[in-house]
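Asker: this one's sequence-less:
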């Protein structure tokens, strides 16, 4: 509904505070007043108090006291003006409970020359009666379905059945007409007097009785039922004035006449209650009675300025209640309210609206919390009434005779109001409606009808003679829209998110607000008020995945010089914004917070900004900073800039450019960087820096308690040694020349890989003399004389002995061992190593006058020296300590040696005997041949016809005789030869003849087994 249209229909009014309970009304309910609280719970339970509301009785008392206390202390004009201003501000802050729109369609055209007088709703159809006697049937979109004219005068009342097929109309022409919309069935009754009301029985279309009830100015309430001979009339009531309205629901019929309201039970056919109206009530023909069945047991009565609620229940069985004239039902008046206006209609109204939701902890709607985040309240009910304020008070006093011209002039009527009244009698909301020509309309010209919808919610229509207004309860969507209009965006977002979490959406209307739109307005509002932190905090929720919206807001913050507020919330992934945004943020950090710049570079993904552009900017800043060769003496900002450049070069895959910064910054992972990215050629001229850095790291770890650190096998030395092809030795040595210790460590590590790469004997002699002898033993790439001079200068005797031995000066070396070391064992070992008899002779000669050496030689004699030779050199009378023990040891060792030799000889003899027996057994064993056995030489079968001569060797090979040595033996072989050998005809072979034959054949064979010879030559046997 367009906003201008809605505003023209209804304007929010300050709730009136004029609810009173008259003494007559209170006396009506009499004894049942004590059950008021219990009955209210039965009627729909608790209802929240409205703005400024209190119970009806107390309000009435206060109003009377205010009217009587004319002499009391009054407020000054200024105070009243201030109070009026505050009331207007409160009015602006009060959220309306209802929303309005005009009924669209052809209604405007239908009422151009006519005016509406009655309306009814059923089955998604609206039936409209006019003063011209025409009935229009419309759908809820305002399109006309059908129009008929059953009357010649105004239609006062319309009733439709549940199917909307049958329509009953009562008119001022005295006719009651019932006609069907789908069939020709129709009934017309001439009641002779103007008719005021008509009601169809429930399920009229399904009942064969076609019963209805009507009444009018004649004062008769007549029930019509269809029989065999037509409709039968039953007079239910008469004699108390016109019947103003009748309503039928279930088994109960309620009607109103001048005396009051009565209820009739069709089942027991008895009248069960009479509810009178007080004597000074306004005229019934000017202020109509409104009867509305809320349910099968609750009747709402709104007549003139009074509301009554009647509840019907079954009468309890007991003494005095079983008489035949006692109705089975009884009625309790559960509530009576008197308003400061006339009532043109009443319907029940749900309290599920967020505006009318029951407050908690005694908080009224005016003081409800800022955001409505509680669970949906139960569907409590209140009253929606159509209020009319008479322009002429004389109508209320009954003084209708005008005495002056001013009184004769017709006064313009005020706009009708829709008011929501709680069950406790409190006015919760009030809206004034604007109809075309409302100044000319009276109370009876308006009608209020409730309409159920498909979604279970109930909405309403208000009929005036020229217009229809559709009234709908405001739901949470309207509540959100209202909050947005008043710039209460946070509450609107909270409510919307809560509803969306429950699976509800704002709707598909074009003008429906989304969470994004609300958030957008909220951010604009916060920025306009200078609350940049709050606005930035809201951006992720509002912008979400929308990159354009993100960028727009970031630029807004930049223009306001508040970029730092939104930086923590800028997304780097899902979504990813444009490069310019991220570069702008990095530029801000470069100028204002370099520590944040470094952290941002480390944390952000590398592909979201132009790294080269950032490198140029950071390098420019670094060039303007004071220069320094290391991070130790550099300023803190300079160190941070170098770290930024190192990170940027790494991210840009320019590892070679990052390496100098890693070295200057003393990064422990510099060696991994060199290896991982093959930067060996880049550190050719950085060898000294790398070794110094590694030495610093080693010393620091050692101070920290790590004793396992070994600088000599550290990362720098290992890297230089492992990649000598990329880092030439000469360039490294040249850089380390001024640091001898570093040079020694490098060359020592280098010698472990390849001995011919170094000849730095002096470095070993200086820094690792204990390792010099090992180096001299394994390396051949050093000058012996120079090495001897180095060792002689430092008096390294073992090394000098080794070098003299390598130079061939064994006598001098042996003399050093004897004279300087005095170590007989070393002298003996040296003599053994040289394998020189002259050296042994010199050793024996040196030992003749040295008892210690003689004893050492005796204890270590072996294959190299004969003990007799040494003993003969011992001079007579020379005292040798331990000589006896040495000689005993020599003899013991000799006996042990002889015993070992004898044992070995016995073992050897036993093994030889076993092998001989095994050979004899193998050579004397028989041969197994069959027809498939082949020759080892020609691979033909050995058994043939005629049978050739076969040769059997002790190696177990069998060959044809002609295959041996390639030529057959000259001795022929025939099977008859074996017969000739049987000389005694006994069947036994003559052994002597056979031996002679074998010797003859063996003499003809020039070589051994041909199969073995072939196998030895590499052939296949």
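Answerer: Happy to help now that I have it. Keep in mind the model is a prediction, meaning the values are calculated, not measured.
Asker: contacts, neighbours, all on C-alpha from now
Answerer: Will do.
Asker: mind showing which ranges of the stretch 401-550 of the chain have poor pLDDT?
Answerer: For the stretch 401-550 of the chain, residues meeting the criterion pLDDT under 70 lie at 401-410, 507-512.
Asker: what ranges do the strands span in it?
Answerer: Using DSSP state E, counting those that start in this stretch, the strands of the stretch 401-550 of the chain run over 417-421, 427-433, 447-452, 458-464, 467-473.
Asker: what about residue 612, which helix or strand?
Answerer: For residue 612, the host element (DSSP states H and E) is helix 611-624.
Asker: and residue 920, by the same measure?
Answerer: Using DSSP H and E, the secondary-structure element containing residue 920 is helix 883-924.
Asker: strand partners of the next helix or strand after that helix, parallel vs antiparallel please.
Answerer: Where DSSP H and E defines the elements, the next helix or strand beyond helix 883-924 is strand 950-952. Sheet pairing for strand 950-952, assigned by DSSP bridges, gives strand 958-960 (antiparallel).
Asker: so for the partner strand, what's the average pLDDT?
Answerer: pLDDT averaged over strand 958-960 equals 87, rounded to a whole number.
Asker: just stretch 926-945 next, same as before
Answerer: When pLDDT is averaged along stretch 926-945, the result is 84.
Asker: distance between the ends of it?
Answerer: Between the opening and closing residues of stretch 926-945 we find a distance of 23 Å, counting by C-alpha to C-alpha, to the nearest Å.
Asker: now it: buried residues?
Answerer: Judged by neighbour count using 16 or more other C-alpha atoms under 10 Å, the buried positions of stretch 926-945 are 934, 935, 936, 937, 942, 943.
Asker: please name the residues that touch the fifth one.
Answerer: Think residue 942. Taking C-alpha atoms under 8 Å, 6 or more residues apart in numbering as the definition of contact, the neighbours of residue 942 are 931, 932, 933, 934, 935, 950, 959, 960.
Asker: hmm, back to that, so which bits of the helix or strand that the helix holding residue 612 is followed by are buried?
Answerer: Following the chain from helix 611-624 toward its C-terminal end, the next helix or strand by DSSP H and E is helix 636-651. Buried residues in helix 636-651, counted by 16+ other C-alpha under 10 Å: 637-651.
Asker: one more: stretch 885-897?
Answerer: Neighbour-count burial for stretch 885-897, with 16+ other C-alpha under 10 Å as criterion, is recorded at 886, 887, 890.
Asker: now swap in stretch 597-613 and tell me
Answerer: Using 16+ other C-alpha under 10 Å as the burial criterion, the residues of stretch 597-613 that qualify are 597, 598, 601, 608, 609, 611.
Asker: pLDDT added to the residues you listed, as JSON lines?
Answerer: What follows is the buried residues of stretch 597-613, written out as JSON lines (pLDDT from 0 to 100):
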{"residue": "597", "pLDDT": "91"}
{"residue": "598", "pLDDT": "91"}
{"residue": "601", "pLDDT": "91"}
{"residue": "608", "pLDDT": "90"}
{"residue": "609", "pLDDT": "91"}
{"residue": "611", "pLDDT": "91"}
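Asker: buried residues of whichever helix or strand residue 999 is part of, list them for me.
Answerer: Secondary-structure element containing residue 999, defined by DSSP H and E: helix 991-1004. Of the residues in helix 991-1004, those with enough neighbours to count as buried (16+ other C-alpha under 10 Å) are residue 1001.
Asker: now swap in stretch 413-422 and tell me
Answerer: In stretch 413-422, residues buried by neighbour count (16+ other C-alpha under 10 Å) are 413, 414, 415, 416, 417, 418, 419, 420, 421, 422.
Asker: so can I have JSON lines of those residues showing distance to residue 329?
Answerer: Shown next, in JSON lines, are the buried residues of stretch 413-422 (distance: C-alpha to C-alpha, whole Å):
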{"residue": "413", "distance to residue 329": "42"}
{"residue": "414", "distance to residue 329": "42"}
{"residue": "415", "distance to residue 329": "41"}
{"residue": "416", "distance to residue 329": "37"}
{"residue": "417", "distance to residue 329": "36"}
{"residue": "418", "distance to residue 329": "34"}
{"residue": "419", "distance to residue 329": "32"}
{"residue": "420", "distance to residue 329": "30"}
{"residue": "421", "distance to residue 329": "28"}
{"residue": "422", "distance to residue 329": "27"}
